[in-house]
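Student: sequence and predicted structure are below.
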Amino acid sequence: MLSEKMEEALNEQIKWELYSAYLYLSMAAYFEDLGLEGFAHWMKAQSAEETMHALKFYKFINERNGRVRLQEIPQPPTEWESPLACLEYALNHEREVTRRINNLMRFAKEEGDHATEIFLQWFVSEQVEEEDSFGRLVNKMKLVKEAPQGLFHLDRELAARPLDLTLLTQELA
């Protein structure tokens with residue numbers, strides 16, 4: 001069973017995972033407006049992944065006899081200076097999510113909540129992947145420097161990211 005404080009902290013993380021999904025959907029709209037459909041597709045896939053993360057927390061809270069209490073999600077930004085600035089914003093956002101996951105892990109250890117520690121380990125590993133993914137994308141954008149040919153090729157590369165919504169349905173089950 002979850003402690004009241006742990007339940008509250010995990011519910012807060014649901015909000016941040018859903019905010020991440022909302023943010024990446026906003027970024028997808030920004031890229032679509034610029035005609036960068038591949039970037040938009042990549043961000044939509046990222047949004048779906050973040051929704052899946054929120055559902056993992058949702059399911060875990062319920063499995064531990066806790067109560068999911070959804071919270072208000074802040075409005076994300078809708079405009080950025082450039083595609084690079086947008087991606088740098090996303091990278092910094094992922095660093096913040098990592099900080100929050102690490103704090104949750106620390107809290108679970110303090111509480112001696114081994115089940116939550118084990119559950120959070122997946123997210124610790126996932127955040128390494130998330131930061132790496134966005135970091136590589138930022139580095140590619142810096143190389144491209146918004147040169148039309150490079151931007152075109154990067155847009156095509158990002159369009160190839162699979163959008164697997166079956167993961168969402170698995171988390172809902």
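Tutor: Happy to help now that I have it. Residues are numbered from 1 along each chain as shown.
Student: what sits against the most centrally placed residue in the chain?
Tutor: Nearest to the geometric centre of the chain sits residue 50, at 4.2 Å (C-alpha atoms, centre = their mean). By C-beta atoms under 8 Å, 6 or more residues apart in numbering, residue 50 lies in contact with 17, 18, 20, 21, 24. C-betas here are computed from N, CA, C, even on glycine.
Student: now those as a markdown table including distance to residue 7, secondary structure and pLDDT?
Tutor: What follows is those, written out as a markdown table (distance: C-beta to C-beta, whole Å; DSSP: H, G, I helix; E, B strand; the rest coil; pLDDT from 0 to 100):
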| residue | distance to residue 7 | secondary structure | pLDDT |
| --- | --- | --- | --- |
| 17 | 16 | helix | 98 |
| 18 | 17 | helix | 98 |
| 20 | 21 | helix | 98 |
| 21 | 21 | helix | 98 |
| 24 | 26 | helix | 98 |
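Student: could you single out the nearest of those residues to residue 165?
Tutor: Closest approach to residue 165 among these (C-beta to C-beta): residue 21, at 12.8 Å.
Student: in this structure that closest one contacts residue 54, no?
Tutor: Yes. Using C-beta atoms under 8 Å, residue 21 is in contact with residue 54, at 6.8 Å.
Student: what about residue 35, is that helix, strand or coil?
Tutor: Secondary structure for residue 35, judged by DSSP: H, G, I helix; E, B strand; the rest coil, is coil.
Student: number of residues surrounding residue 45?
Tutor: By other C-beta atoms under 10 Å, 18 other residues sit near residue 45.
Student: quick check: phi and psi at residue 4.
Tutor: phi -60, psi -40 (degrees, to the nearest 10).
Student: and residue 2, by the same measure?
Tutor: The phi/psi pair for residue 2 (degrees, to the nearest 10) is phi -80, psi 140.
Student: thinking it is in contact with residue 116, fair?
Tutor: Yes. Counting by C-beta under 8 Å, residue 2 touches residue 116, with 7.3 Å between them.
Student: got a list of what residue 158 touches?
Tutor: So residue 158 contacts 38, 39, 41, 42, 137 (C-beta under 8 Å, 6+ apart).
Student: find residues that contact each of residue 2 and residue 116.
Tutor: 10, 64.
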